[in-house]
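In: Build me a model:
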Amino acid sequence: MVTFSMALAILPALFVGLNLLKILLLLAAVITAIMWFLRRVWFYRDPVRVPPTEAGTILAPADGKIVYIKPFRNGEVVAEKLGQAIPVREIMKAPGLGDRGWIMGIYMSPLDVHFNYAPIAGRVEDMVHTRARVNLPMVDLWEYIRLTYFRRAVDLFCHRYRLVNERLTIFLDGEGIKIAMVEIADKFVNKINSFIKPGQVVDRGQKVSFIERGSQVDLVIFSEDVEFTVRVGQQVYGARTVVARYRPPGGVVP
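Out: Predicted coordinates:
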């Protein structure tokens, strides 16, 4: 039987417990509100981008961290971790516009803007949308934390499921250069929304698509004669950061 004196003795502990519960509930509400804002509002932000007008330059097609810059020869790029060469057409799921050049990977964390932009002005030669039955996680938990919250690069070339997940490859023929953008979906991504179509002429920095959640854009440059202005691990911004320079027709590398 609980006596009156015993009830008086446990009252302080009961008050402490109730206050602790209130603090935990308040903390949970704050975290829920922050997560809702990040996922429903911040993620869909559409900032104004004014691209630089310098001729002979290639802009970043997306916001994110550069995770690799690799040359390809004879239509193949070497994956050191796998010890084998990967056909570039396997990454694009389509034939290329040349067998020599460079490929750059930009990882878009959930904290980055998820609109994608035309790296050059030019004509949309083709668009190849390759769907997947299910999109699987491209990074593990530690890699996700490292990329998203520590803002540190991880070599993701031919990493898990990068060759099987959904992707949209956009081929652009610009003034003196041809490139392809390969938008690769991460897990839970249910669509890649495109705002352009084949045959259309796009401007530098024009918004061309929106891709959900964390994902990646590979930039394939069908030319060896380029000079990169960025490095692996650098944060870049779509339609704003110049990632490479090339020789425009009749000119020199800027």
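
In: State the distance from residue 75 to residue 178.
Out: For residue 75, the distance to residue 178 (C-beta to C-beta, to the nearest Å) stands at 14 Å. (C-beta placed from N, C-alpha, C; glycine too.)

In: let me redo that: residue 187
Out: Separation of residue 187 from residue 178 (C-beta to C-beta): 31 Å.

In: what about those two, which has more around it?
Out: Each of residue 187 and residue 178 has its neighbours counted (other C-beta atoms under 10 Å); residue 178 has more, 19 against 15.

In: check contacts around the more buried one.
Out: 97-98, 125, 171-172, 222-223 (C-beta atoms under 8 Å, 6 or more residues apart in numbering).

In: now do residue 164
Out: Each residue near residue 164 by C-beta under 8 Å, 6+ apart is listed here: 132, 136.

In: Try it again at 7 Å.
Out: Taking C-beta atoms under 7 Å, 6 or more residues apart in numbering as the criterion, residue 164 is in contact with residue 132.

In: Which helix or which strand is home to it?
Out: Counting by DSSP states H and E, residue 164 is held by no secondary-structure element, helix or strand.

In: Tell me which residue lies nearest the centroid of this structure.
Out: residue 108 (2.7 Å; C-alpha atoms, centre = their mean).

In: What's the separation between it and residue 61?
Out: Counting by C-beta to C-beta - residue 108 and residue 61 are separated by 10 Å.

In: can you pull out the helices in the stretch 51-200 of the chain?
Out: Under the criterion DSSP state H, counting those that start in this stretch, the stretch 51-200 of the chain contains helices at 88-92, 141-148.

In: Out of those, which one sits most buried?
Out: helix 88-92 (a mean of 20; mean count of other C-beta atoms under 10 Å).
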